[in-house]
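*Asks:* no FASTA, just this:
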DNA sequence: TACGGTGATTGCACAAGCTGAAATCACTTC
DNA sequence: GAAGTGATTTCAGCTTGTGCAATCACCGTA
């Protein structure tokens, strides 16, 4: 008989997503989440820095994978396309299979300003990490910042389409179209 | 003899900026800010929704002005240029004159993740407001989103340059160059 | 001058988020 | 089988943020 039930982190994440979806982020207390996961409030804060962070367990791995894909890319085209392709690969590997969980998670986040801010923070960190990876590939610093930001823009546009009800195309397929839309909108130089 | 010292909001903002710069955001309590402003903690929360908000008094007016400039613009060029020009006008009106205060404020924000998240939230709200303004001008919804996001990207690039020590050019002059850099980096369509 | 309404401020009580420190105890290692 | 490890718990405490009632100079009006 093990001393503790296994997978405490997973239990906390599942409990939190359920409760947030049921009754909203603000009306859910950390004590409540911990109780449903059969843990104490203190244990929650041992695993997550704050109440919001429980929804963002995925983002570290996602950033890691995207950065690796950008670093290892062997193409010589525009940096925007390098990053967009990297997004596509990682989306296939991590997101496409759990479309429903991702959508539920995003619905919870979109419904709460505090969570939205945290999401923006994660996106900004990802943008910076991508820009650094591009610089390591020899990209000019300023261009790396702009290319990473533009890629995030395309990613967000594609993601918005991807999460629309009834949408069946994969994120990987939607991404190049979003990048092309961005090029058209920004205009030729 | 007036019942209360005037300009409570300004006093709170000044006290907060000073204390955050002196000892950091996290090591400063709201009670401390209120005390320096000769008010109580309760009064602080009468004026600001939370501790971070005290640094963002400017953003509502800034958004309002940018949106108005975009709506009233009478040019027919690409939406990106419309927004960038609007940024330039508003920057001249609100930012250029207080370069030092803006820089100190941004240094405090950049030093703290929580404040950075709030800043990102304000930027996202501004992006959405600009996109809406563009749609009101007849822009396609998707293109409006991308153009607004691209304009924010250029704005951030220009702002980074503008706040570098020794930089003397105005934000208004830096903005078109940043937009051109973006066009070059993203590539022709 | 009197009088009632307005509104910025305050005090108080309290929920909830978050933290440091010390204790517990199954499991692992030597 | 002794000692160490580490996830968990308990507890006490601080800070953020809110609801509510009270204060009282100021303002308009009679």
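*Replies:* Yep, it's here. Quick caveat, the model's predicted, so the values are computed rather than measured.
*Asks:* anything in the helix or strand harbouring residue A:22 near DNA strand D?
*Replies:* For residue A:22, the host element (DSSP states H and E) is helix A:8-23. Yes. Applying C-beta under 7 Å from any atom of the strand, one finds helix A:8-23 in contact with DNA strand D at residue A:8. Backbone N, C-alpha and C define where each C-beta goes, glycine included.
*Asks:* buried sites along whichever helix or strand comes after that helix?
*Replies:* Once the chain leaves helix A:8-23, the next helix or strand it forms, by DSSP H and E, is helix A:30-36. Going by neighbour count (16 or more other C-beta atoms under 10 Å in any protein chain shown), the buried part of helix A:30-36 is A:30, A:33-34, A:36.
*Asks:* Same question for stretch A:48-61.
*Replies:* If you call a residue buried by 16+ other C-beta under 10 Å, then stretch A:48-61 has these buried ones: A:48, A:51-56, A:58-59.
*Asks:* One more: stretch A:41-49?
*Replies:* Neighbour count says stretch A:41-49 has A:44, A:47-48 buried, by 16+ other C-beta under 10 Å.
*Asks:* What are the buried residues along stretch A:148-164?
*Replies:* So, applying 16+ other C-beta under 10 Å, buried residues of stretch A:148-164: A:148-155, A:157-159, A:161-162.
*Asks:* okay, the residues you listed in CSV with secondary structure next?
*Replies:* Output for these, formatted as CSV (DSSP: H, G, I helix; E, B strand; the rest coil):
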residue, secondary structure
A:148, helix
A:149, helix
A:150, helix
A:151, helix
A:152, helix
A:153, helix
A:154, helix
A:155, helix
A:157, helix
A:158, helix
A:159, helix
A:161, helix
A:162, helix
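*Asks:* do stretch A:168-177 and chain B meet?
*Replies:* No. With C-beta under 8 Å from any C-beta of the partner chain as the criterion, chain B is not reached by stretch A:168-177; the gap is at least 10.4 Å.
*Asks:* How about residues contacting that stretch?
*Replies:* A:84, A:87-89, A:91-92, A:95-96, A:154-155, A:158-159, A:161-162 (C-beta atoms under 8 Å, 6 or more residues apart in numbering or on different chains).
*Asks:* Let me know the closest of the buried residues of stretch A:48-61 to DNA strand C.
*Replies:* Comparing the buried residues of stretch A:48-61 against DNA strand C with C-beta to the nearest atom of the strand places residue A:51 closest, at 3.3 Å.
*Asks:* wait, the closest one sits on residue A:30?
*Replies:* Yes. Between residue A:51 and residue A:30 there is a contact under C-beta atoms under 8 Å: 5.5 Å.
*Asks:* hang on, the earlier thing: show me which of the buried residues of helix A:30-36 neighbour DNA strand D.
*Replies:* Near DNA strand D, taking C-beta under 7 Å from any atom of the strand as the test, the members of these found are residue A:34.
*Asks:* Scan chain A for its longest helix.
*Replies:* helix A:113-136 (DSSP state H).
*Asks:* what's the pLDDT at the most centrally placed residue in chain A?
*Replies:* When C-alpha atoms, centre = their mean is applied to chain A, the residue found nearest the centroid is residue A:59 (5.0 Å). If you check residue A:59, the pLDDT there is 97.
*Asks:* Now do it against chain B, distance only.
*Replies:* Residue A:59 sits 14 Å away from chain B, taking C-beta to the nearest C-beta, to the nearest Å as the criterion.
*Asks:* Contacts only, for residue A:70.
*Replies:* A:82-83, A:86, A:130, A:133-134, A:137.
*Asks:* Nearest spatial neighbour of residue A:130, chain-adjacent residues omitted?
*Replies:* Spatially, and ignoring its direct neighbours in sequence, residue A:130 is nearest to residue A:148 (4.1 Å; C-beta to C-beta, 6 or more residues apart in numbering or on different chains).
*Asks:* so what's that neighbour up against?
*Replies:* Counting by C-beta under 8 Å, 6+ apart, residue A:148 makes contact with A:79, A:83, A:127-128, A:130-131, A:134.
*Asks:* among the residues you listed, which two are most distant?
*Replies:* A:79 and A:128 (14.7 Å; C-beta to C-beta).
*Asks:* Which of these two has more residues huddled nearby?
*Replies:* residue A:79 (29 against 15; other C-beta atoms under 10 Å in any protein chain shown).
*Asks:* the domain parsing of chain A - what is it?
*Replies:* By the assignment in automatic domain parsing, chain A contains the domains A:8-54, A:57-186.
*Asks:* Please identify the deepest-packed of those.
*Replies:* Among the domains of chain A, domain A:57-186 has the highest mean neighbour count (mean count of other C-beta atoms under 10 Å in any protein chain shown), at a mean of 18.
*Asks:* Run the chain-centre distance for that one.
*Replies:* Distance, stretch centre to chain centre, for domain A:57-186: 8 Å (C-alpha atoms, centre = their mean, to the nearest Å).
*Asks:* Roughly how far does residue A:168 sit from DNA strand C?
*Replies:* 38 Å (C-beta to the nearest atom of the strand, to the nearest Å).
*Asks:* what does residue A:169 give?
*Replies:* Applying C-beta to the nearest atom of the strand, the value for residue A:169 to DNA strand C is 37 Å.
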